[in-house]
Structure formats: structure tokens, C-alpha cells
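> sharing a model prediction with you, sequence too.
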Amino acid sequence: MSSKTRETSFSAMPEFRAPHTMTPEELGDTIARLVWESFSDFVADGDTEIPLGALGVPTHDGVPDEYPAEEALIFLMWAHTRGVQLAFLGRGQDDLVKRGLDVMHRAVFEDMAENGTPRSQLPIFEQRVSARYAEYHAAAACSDARLGEAVVHHLTSKDRRGGQQLAQAVSERAIAVANPLRDFLEEVELVD
């Protein structure tokens, strides 16, 4: 295909626009897909700005061990949750936002079960998710650096001191997830 043909075909494509309305179920399903896409990018060997090897996360053939992988998943779920919350802040749709986030969490947990996580372990994982969310919200309220340090600590189980560049990279990753998601959802109205 020539560059002229390529230019014509791309320019003929309609501009992408966010939907004007979404149901909480559509929101939850969309966010769950985004979480898994971000997770795949995050743990992909060599495809991320935060190489897990640099964090000291043990990997086998580029795949992190179970506990660090779960911690990475929790962090990315939190970052997406944060983006959704920021997008709908002050718009009076709190019950619909909560429903959408509940759908997202259920979808992620169901995907985990379908991919080998024993269902009996999901309640324990959900408790860990709750604990991390509370910690990450408190850390983010203090500073981006504090958030990065908290995430790195859980990914590596190492002391929070040191590794400021990695902590900064992690907090930048949270911002890179939350801000575009917030921007995408700002014009969307949640409807029943």
C-alpha cells in the first residue's frame, strides 16, 4: 500500500468518539478488559517502562511469580478504579459508578478463576485488594512518590526506602492509566 493510499484510508476513517452513555455493566466490562490489557503490558518482558527484573521481581520466562503478579494486578485494578472515580467525581452518579466498579471486580475475579486461581482463594485475594486500595488511596493523597513507594514495596516485599526511580516509574504508570481513562469517561453519562 502506498503512503498516499494509506493517508487516504486513514483520513477516511471516522474519528473515534467516546460513547455518550454507558450502563454500569458496560463500564465494568470495559474497565475489566483495560485492566487485563494493562496487566499484560506491565508483566510483558521488555515491553514496559518498569522492567520487573529491575524491581527485583523473580520471573520465569518473563512471567513474574504468582505473588508479585497478583500485586501488579491489584495495583492496576486500583489505578483503573481511581481513573473511573476521578472521571465521575461530583457528577452525582455514585451508585452507578459503584455498580460499574463492582462489575469490573467481579469480571477480573471470574477471569482469574477461569485461568487457574482456585475459587477458594478468591475471598482472601479480595481482602488483599481491599487492604491495598485503602493503602494506595492514603498514599496517593500524600504524594505520587508515596504511592510509588507503597506499590514497589508490595511488588518486591522490600523496604520502602531507596529505589526512588522505580517508585517514580510506578507512580507515573498509575497516572498514565488513570488520566486517559478519566479523560475518556468525563463526557460519558452512566445510565441504568
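Great, that's in hand.
> how about the backbone phi and psi for the residue nearest to the spatial centre of the chain?
Centroid-nearest residue in the chain, with C-alpha atoms, centre = their mean: L76, separated by 2.7 Å. When read as degrees, to the nearest 10, the backbone of L76 gives phi -70, psi -30.
> I'd guessed it sits against E37; true?
No: judged on C-beta atoms under 8 Å, L76 makes no contact with E37 at a distance of 9.4 Å. The C-beta positions use only the backbone N, C-alpha and C, and glycine is treated the same way.
> got the contact list for E26?
P19 (C-beta atoms under 8 Å, 6 or more residues apart in numbering).
> any idea how far D41 is from G83?
16 Å (C-beta to C-beta, to the nearest Å).
> with neighbour numbers in mind, choose between these two.
Shown here are D41 and G83; by other C-beta atoms under 10 Å, G83 has more neighbours (23 against 13).
> relative to L89, how far out is that one?
According to C-beta to C-beta, G83 stands 11 Å off from L89.
> where in this protein is pLDDT low?
The model of the chain has pLDDT under 70 over residues 1-18, 44-66, 157-163.
> one more time with 90
Applying pLDDT under 90 to the chain picks out residues 1-20, 38-72, 91-93, 116, 144-145, 148-149, 151-184, 186-187, 192.
> and the strands in it, which stretches?
Secondary structure of the chain (DSSP state E): strands located at 21-22, 59-60, 63-64, 189-190.
> which residue sits closest to the residue nearest to the centre of the chain, ignoring its sequence neighbours?
Spatial nearest neighbour of L76, chain neighbours left out: S38 (4.7 Å); criterion: C-beta to C-beta, 6 or more residues apart in numbering.
> run a quick neighbour tally on the one you found.
Neighbours around S38, by other C-beta under 10 Å: 22.
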